[in-house]
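A.B. asks: After the sequence you'll find the predicted model.
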Amino acid sequence: MLFDEGINLLSLLEEFAYQTPTSVQESHRKNSALAFSYVGEFLLVNQRSGFADVRISTLIPQLLDGKSLVPIVIAETMNGLDAMYRDETDTFRESPLLLQVWLMDRLP
């Protein structure tokens, strides 16, 4: 599951998606894996599609405790936009979903 690019989300989902937890610990592991997959695929996008940065794992306990990841996602999105503006990269790597919602709110 772990590669140089990060964690392979498809492998992670195959491992946990159809698993029926038989204990609280297994349920917590499954919820953590699914939350990691969601955050890695839609909110904090990696350079390579289908992979998520390992550092996202530090955010999952906050998410499962009901804390908001919005400030982190916004900061990463702004960093990605700044990098594009400064011509440091030619691809937008951060949260295209958040950017789309923001644009829909701002454009007539």
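C.D. replies: Okay, I see it. Numbers count the residues shown, from 1 in each chain.

A.B. asks: so where's the chain shaky on pLDDT?
C.D. replies: For the chain, the stretches flagged by pLDDT under 70 are 46-47, 92-96, 98, 102, 108.

A.B. asks: how about the strands in it?
C.D. replies: 2-3, 6-8, 51-52 (DSSP state E).

A.B. asks: which outside residues touch the first one?
C.D. replies: Contact with strand 2-3 is made by 8, 51, 54, as judged by Cβ atoms under 8 Å, 6 or more residues apart in numbering. Glycine gets a C-beta too; all of them are placed from N, C-alpha and C.

A.B. asks: and of the strands of the chain, who's closest to L43?
C.D. replies: Of all the strands of the chain, the one in closest proximity to L43, counting by Cβ to Cβ, is strand 51-52 (9.9 Å).

A.B. asks: From the contact counts, what lies against the closest one?
C.D. replies: Helices and strands touching strand 51-52, by 3 or more Cβ pairs under 8 Å, 6 or more residues apart in numbering; DSSP states H and E, are strand 6-8.
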